[in-house]
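Engineer: below are the sequence and a predicted model for it; my questions follow.
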Amino acid sequence: MDYETVIGLEVHVELLTESKLFCSCPNRFAAEPNINTCPGCLGFPGILPQLNAAAVKKALTAALALNCEVALYSYFDRKNYFYPDISKGYQISQFHVPIGSNGYIDIKDDQGSTKRIRIGRVHMEEDAGKLVHSPAGDTSLVDYNRAGVPLIEVVTEPDLRSPGEAKYYLEKLKSILQYADVSDCKMEEGSLRCDANISLRPLGSDALGSKTELKNMNSFKAVERSLEYEIRRQRDILISGGEVVSQTRRWEENSQKTFAMRGKLQAHDYRCFVDPELAPIQLTAEEVEEARRNLPEQAEARAARFVKDYKLPGYDAAVLTVSRSLADYFEACLQAYDNPKTAANWIMGELMAKLNTAGIEVDRCSFTPASMAELLIMIDEGLISGKLAKEILDQSFSSGKSPRRIVVEENLVQISDHGELEKVIRQMIEKHPDSVENYRAGKTKALGFLVGQAMAETKGKANPQLVNELLLRALES
Amino acid sequence: MSEDFLKEVEHVSRLARLNLKPDEKEKVAGQLQSILGIAKKIQELDTTGVEPTSHVINLPAILREDVVRSSLPVDQVLLNAPKRNKNYFQVPRITAVE
């Protein structure tokens, strides 16, 4: 029998605010545990939660950017459970009335046509603390720095039909939320986290099969892989006549498999009820319209602007707007450098190759837009060759030193001095008489060899055009 | 007391981490039943045309400006920790939620 895959995703996104959702502790990663905490986010009784205005604004922006209907009246509930990551015994979350509902994102499906993925809800909630389990011992350690960090949860309807679609959806969601300045959406750093619900059903059936919920995926790739694994696992069970047990399963990156965690909690076991300590969020239609008008430019609009304002080819504009941070990098570079196409070439070529190898995103890279501009200006000025520029980029990328400083410190300025280069060329001609003879006998390839030797002799610092010119002159004379 | 209702009491007390002795269970079951009786009574009321009360506070939330203030010094944070391990709270190893 053929089966159809049904996937729904629940994505938690940390909001880019200064302070936490209900207290004034910093919303910032800290290496040292429990330093960003106070009686509020530690869950001491008697501390009233004070809702952060910026968090409401970001959540509203997210809801609008995801094409949701916005609730003018929404409120917080208590989701009750006992686990040490929540010290007060409940998580404050919008259970009954989310700030956004009935939204959607359009993605490309596996066939390349546009597919609309419905978003059931976007709701606000507080993050929980972090547990560190000692691998050997019988203890767990708790760090509440993350407790109370503002989150939104974005929940799709079960509209995704393949692991590939799930990946496209996540990429699009990330791009939208980054451009909307809601979150930096870094899955590796935990500011975007994704749980996946997946079930199979006989092809043509409308009923949903029993599903499993997958957790602990730390990258988009891991989401895709865990779904692929789970499809195989569930299909094997169904084909052999068994039943898929509804459960939460944990993805293990090392073994590339999922493992059962615990029986799935039924929603009512959380006994959600209205938090009586928090007044409802009331928005006016005007506030919502204003937020809609002020939605930041999204990727498509920015790409169109790049084509129009900077005369970039459509392909370049699309590549440079893949993430907001890359588009920002490009435009920051243009603040100090005025040839957009050259900047685009270097960013899409050399810089992106370095970023991919290092596995980091552009906003974490120490080669700043100002450094890129500096490097390109030095090439235009004839101070350094393109080849040398690549080496300087390499160095600056790892050390963070500015390209000009590297050039000065390592005495790398390109040699364009005729006298000096003619001296080197004379040496090369004397050293390689065979090549000279070959060239004069019509083997033009020998010229390339001699240019290469001269470049090597100057450790790449010679101006290659000039070497070529002077060498030709010397050989023809 | 019906067997089903006692099961319900056990379930709820487990969720609330209450360890009830058999006689306590009977006593709590009686109290819980009387509370549920009142709720049932309220449900009998005809509420056609009455706007549901979704929230007890009928004022819009007063929002806090997004400004960072200093957190608690970590030594004070950990004063009430049942057990401290460096700057962590230490708890018995927990790997699954019931």
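Structural biologist: Done, it's in. The shown structure was predicted, so the numbers you read here are calculated from the model rather than taken from an experiment.

Engineer: ok, which stretches of the stretch 301-450 of chain A are helices?
Structural biologist: A:314-320, A:324-334, A:340-346, A:352-358, A:369-380, A:386-399, A:403-409, A:418-431, A:433-440, A:445-457 (DSSP state H, counting those that start in this stretch).

Engineer: and what about B:Val91, helix, strand or coil?
Structural biologist: Under DSSP: H, G, I helix; E, B strand; the rest coil, B:Val91 falls in the strand class.

Engineer: residues near it, how many?
Structural biologist: Residues contacting B:Val91 under the criterion other Cβ atoms under 10 Å in any protein chain shown number 17. For the C-beta atoms, the positions are set from N, CA and C on the backbone; glycine is no exception.

Engineer: next one: phi and psi at the closest residue to it other than its chain neighbours?
Structural biologist: Spatially, and ignoring its direct neighbours in sequence, B:Val91 is nearest to A:Pro84 (4.8 Å; Cβ to Cβ, 6 or more residues apart in numbering or on different chains). Backbone torsions for A:Pro84, taken as degrees, to the nearest 10, come to phi -60, psi -10.

Engineer: what's near enough to touch A:Pro84?
Structural biologist: A:Gly129, A:Leu131, A:Ser140, A:Val142, B:Phe89, B:Val91, B:Ile94 (Cβ atoms under 8 Å, 6 or more residues apart in numbering or on different chains).

Engineer: tell me the confidence at the fifth one?
Structural biologist: Meaning B:Phe89. Looking at B:Phe89, its pLDDT reads 96.

Engineer: does it touch A:Leu42 like I think?
Structural biologist: No: using Cβ atoms under 8 Å, B:Phe89 is not in contact with A:Leu42; the gap is 9.3 Å.

Engineer: any buried residues in stretch A:447-464, and which?
Structural biologist: Buried residues in stretch A:447-464, counted by 16 or more other Cβ atoms under 10 Å in any protein chain shown: A:447, A:449-451, A:453-455, A:457-458, A:460-464.

Engineer: same check, this time on stretch A:86-106
Structural biologist: Residues A:86-88, A:90-95, A:97-101, A:103-105 are the ones in stretch A:86-106 that count as buried (16+ other Cβ under 10 Å).

Engineer: just to revisit the earlier point, for A:Ala55, which of the helices of the stretch 301-450 of chain A is the nearest?
Structural biologist: helix A:324-334 (20.0 Å; Cβ to Cβ).

Engineer: elements contacting that closest one?
Structural biologist: Contact here means 3 or more Cβ pairs under 8 Å, 6 or more residues apart in numbering or on different chains; DSSP states H and E; on that basis helix A:324-334 packs against helix A:163-179, helix A:299-310, helix A:314-320, helix A:340-346, helix A:369-380.

Engineer: tell me what angle the second one forms with helix A:324-334.
Structural biologist: Angular relation of helix A:299-310 and helix A:324-334 on a 0 to 180 degree scale: 10 degrees, by axes from the mean of the first three to the mean of the last three Cα atoms, to 10 degrees.

Engineer: packing partners for helix A:299-310?
Structural biologist: helix A:163-179, helix A:314-320, helix A:324-334, helix A:340-346.

Engineer: export these to CSV and tack on distance to A:Asp77 and mean neighbour count?
Structural biologist: Listed next are those as CSV, based on distance: least, Cβ to Cβ, whole Å; neighbours: other Cβ atoms under 10 Å in any protein chain shown:
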stretch, distance to A:Asp77, mean neighbour count
helix A:163-179, 24, 21
helix A:314-320, 42, 18
helix A:324-334, 33, 21
helix A:340-346, 49, 18
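
Engineer: name every strand pairing with the least confident helix or strand in chain A by mean pLDDT and say which way it goes.
Structural biologist: When each helix and strand of chain A is scored by mean pLDDT, DSSP states H and E, strand A:257-263 comes last, with a mean of 80. Here strand A:257-263 is paired, per DSSP bridges, with strand A:247-252 (antiparallel).

Engineer: I'd like the next helix or strand past the helix ranked longest in chain B.
Structural biologist: Using DSSP state H to define each element, chain B has its longest helix at helix B:22-43. Next helix or strand after helix B:22-43 toward the C-terminus (DSSP states H and E): helix B:74-77.

Engineer: could you report the neighbour count for A:Val303?
Structural biologist: Quick fix: residue A:303 reads Ala, not Val. 22.

Engineer: was I right to think it contacts A:Tyr315?
Structural biologist: No: applying Cβ under 8 Å, one finds A:Ala303 not in contact with A:Tyr315, separated by 9.9 Å.

Engineer: got phi/psi on the residue in chain B sticking out farthest from the centre?
Structural biologist: Distance to the chain centre peaks in chain B at B:Gly49, reaching 31.6 Å (criterion: Cα atoms, centre = their mean). Dihedral pair for B:Gly49: phi 80, psi 0, per degrees, to the nearest 10.

Engineer: before we move on, what about A:Tyr83?
Structural biologist: Phi and psi for A:Tyr83, reported as degrees, to the nearest 10, are phi -160, psi 140.

Engineer: tell me how far it lies from A:Leu131.
Structural biologist: Per Cβ to Cβ, to the nearest Å, A:Tyr83 is found 8 Å from A:Leu131.

Engineer: swap in A:Gly241?
Structural biologist: A:Gly241 is 39 Å from A:Leu131, by Cβ to Cβ.

Engineer: looking at the two, which is more packed in?
Structural biologist: Neighbour count, other Cβ under 10 Å: between A:Gly241 and A:Leu131, A:Leu131 has more, with 18 against 6.

Engineer: quick check: beta-bridge partners of the nearest residue in space to the more buried one that is not next to it in sequence?
Structural biologist: Of all residues not flanking A:Leu131 in the chain, A:Ser140 sits nearest, at 5.1 Å (Cβ to Cβ, 6+ apart). A:Ser140 has these beta-bridge partners by DSSP bridges: A:His133, B:Val91.

Engineer: residues touching A:Ser140, list them.
Structural biologist: A:Pro84, A:Leu131, A:Val132, A:His133, A:Ser134, B:Gln90, B:Val91, B:Pro92, B:Arg93, B:Ile94 are the contacts of A:Ser140 under Cβ under 8 Å, 6+ apart.

Engineer: show me the shaky parts of chain B.
Structural biologist: For chain B, the stretches with pLDDT under 70 are B:1, B:95-98.

Engineer: who in it is up against chain A?
Structural biologist: Within chain B, the positions adjacent to chain A are B:15, B:17, B:54-57, B:59-69, B:71-72, B:74, B:77-78, B:85-98 by Cβ under 8 Å from any Cβ of the partner chain.

Engineer: now the residues you listed: which count as buried?
Structural biologist: Here, 16+ other Cβ under 10 Å leaves B:15, B:55, B:61, B:63-64, B:66, B:71-72, B:77-78, B:85, B:87-91 buried among the residues of chain B next to chain A.

Engineer: now for the residues you listed, which pair is the farthest apart?
Structural biologist: Using Cβ to Cβ, the pair of those lying farthest apart is B:His55 and B:Asn85, separated by 41.0 Å.

Engineer: mutual contacts of B:Phe89 and A:Leu42, please.
Structural biologist: By Cβ under 8 Å, 6+ apart, B:Phe89 and A:Leu42 have these common neighbours: A:Tyr144.

Engineer: return the distance of A:Ala128 relative to B:Gln31.
Structural biologist: 32 Å.

Engineer: these two - which one has more neighbours?
Structural biologist: Between A:Ala128 and B:Gln31, counted using other Cβ under 10 Å, A:Ala128 has the larger neighbour count: 20 against 10.

Engineer: next up, the contacts around the spatially closest residue to that one that is not a sequence neighbour.
Structural biologist: Excluding the flanking residues, the one nearest A:Ala128 by Cβ to Cβ, 6+ apart is A:Asp85, at 3.9 Å. Taking Cβ under 8 Å, 6+ apart, we find A:Asp85 in contact with A:Ala128, A:Gly129, A:Lys130, A:Leu131, A:Val142, A:Ala147.

Engineer: swap in 7 Å and give it another go.
Structural biologist: A:Asp85 makes contact with A:Ala128, A:Gly129, A:Lys130, A:Leu131, A:Val142 under the criterion Cβ atoms under 7 Å, 6 or more residues apart in numbering or on different chains.
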